[in-house]
Each structure stands twice: as C-alpha cells, then as structure tokens.
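Asker: Got a predicted structure plus its sequence, pasted below:
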Amino acid sequence: MSTTIARTLDMKGFACPLPIAKTAQAIRELVTGDVLEVLATDPGSVPDFDAWSVSTGHQLVERTEEDGVFRFLIRKG
Amino acid sequence: MAATVEAVREATRDSVHVPHRKLVIMAWSGDLDRIWPTLILGTTGAAMGMETTVFFTFWGLFPLVKDDVRITGDNWMQKLLSTMDRPGLEHVKLGKMNFAGAGPAMMRKLAREHQVASPKELVELAKDLGVKLVPCQMTMDLLGLHRDDLIDGVEEPAGATTALLEAQDAITLFI
C-alpha cells in the first residue's frame, strides 16, 4: 500500500478535544485505505491518538515530531 | 498513560473490540465548569466511535435553551426561576468563582487564547458526530420549557426509563 496522503488536517494550536474530534470528522470523508495526515501541537494528542486508534480501528501508521509539531499518519480502517 | 494504551492494545490485539461501545452522560448541572467537560467527553466518545447519548436533566436543561430566549416558563414560579438563572449556553455561570459573571468571562477568554473549543462549538460538533442530546421530559414540565425554547437538533424529550435503558451496557457518567 502506498503512503500517498489523501488529506492533511492542520490542528496546530488547538486543544483537546478538537484534534481528535476534527480527525473523526475528516476521516468520514475518506475511503478505507486512505491516509490522513494530522498536524498538532497539543502534547496530549500523543496518547490520545494512540487511544483513538485502538478504539476506532483506524491504524496509526506513523508518528513523528519536529519543532514541537506532532505529525500523525492515520490509515482509514 | 502510555502503559494504559499498551494494555488496551494488548487486550484488543486481534480485534478492535473494546468493552464499552456506548457512553451515556447524565448532564445534571447548568454550570459552565460541568457542562463544558460534559460536551468535551460527549464529542470525544462519538469521535471514538462510541454510541453517545447525553441526557439533560434539572439545571442541565437550561444550557439547551436558545440564547435569545430570555424568560421561560408558564407560571410566575417558573418564570422567576429563569430570571434568577438565565437560560442559554452563552449565559451559564461557573460553579465556583463566578464573581457575578467575571469568572466565566475570564474562563472564556482563556479558552479562546488556548484554542479550546467553546461550549457552543462543541454542541455543534457533538450533533455533527451523532451525539444524541436528550432533554428530560419531567424537567421540561417542571420548568415550563417547551420544544421551541430549545436549540435545534435535540432529540425528543424522554424519561428516566429511557435513560437507564440506554445506560445498561454503557459507560455512565453523572456530571
């Protein structure tokens, strides 16, 4: 499977629960297998995206951090 | 936190099944510092794929009233209640440190600065994510509230039996 990014959601600066809630909204628009990129600065989003992935079955394929910006790649399950 | 997530992951390795797929919140309070976390948890539950219902009862019902509805109620007692505790999400008070409205104003300012979603924004998100917002019929009668006093997008009013039936196999919070 390719890692072509279907959509990017910029949640930099936003606090809980917006990064997760907006991600849930965004992923509805995608089809299974699509990859959503989410950018966030809320440190709480790190455990939250783990928990969200476990709960929803959407796979967190990559998580990186650069200059305080977390980048999550999520493949729609 | 990481350990907890690992434990959940371990327990759900072969499937995406987690024990509770439903969340029921009894929103009893009309205080900003209770209604806010209620809406945060409600939207998050729905975002996690949980079937989420919030029952609004007693003081919890006033935040569901439209902001431009000044006085509610059919008789003088109900009307007096609504003048003492103005309905509407824009007018809710803090449970502590209210300082005649200065507390909530500061709280909302801080929230804007930290880009925390406002209660109003969260209600819209909740509705969009499929959270069921259910007014308590008995409280509607008690306070003299009518369907057209309430914001759009709420469910038909229901009773305690409906609430408890929903709660049977759900995580249940009373806030």
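Answerer: Arrived safely. Numbering: from 1, shown residues only, chains lettered A, B, ... in the order given.
Asker: I'd like to know how far residue A:69 sits from residue B:115.
Answerer: 15 Å (CB to CB, to the nearest Å). In short, each C-beta sits where N, CA and C put it, glycine included.
Asker: whoops, residue B:133 was the one
Answerer: Counting by CB to CB, the gap from residue B:133 to residue B:115 is 24 Å.
Asker: residue ranges for the strands of chain B, please.
Answerer: For chain B, the strands defined by DSSP state E occupy B:22-27, B:51-56, B:132-135, B:171-174.
Asker: correction: chain A
Answerer: Under DSSP E, chain A gives strands at A:5-11, A:35-40, A:59-66, A:69-75.
Asker: So for residue B:73, which of these sits nearest?
Answerer: strand A:5-11 (41.8 Å; CB to CB).
Asker: Give the rounded mean pLDDT of that closest one.
Answerer: Strand A:5-11 carries an average pLDDT of 97.
Asker: which other helices and strands contact it?
Answerer: The contact analysis (3 or more CB pairs under 8 Å, 6 or more residues apart in numbering or on different chains; DSSP states H and E) places strand A:5-11 against helix A:18-28, strand A:35-40.
Asker: Now mean neighbour count, distance to chain B and mean pLDDT too, for these, in a markdown table please.
Answerer: As requested, the helices and strands packed on strand A:5-11 are exported to a markdown table (neighbours: other CB atoms under 10 Å in any protein chain shown; distance: least, CB to the nearest CB, whole Å; pLDDT from 0 to 100):
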| stretch | mean neighbour count | distance to chain B | mean pLDDT |
| --- | --- | --- | --- |
| helix A:18-28 | 21 | 4 | 97 |
| strand A:35-40 | 21 | 11 | 98 |
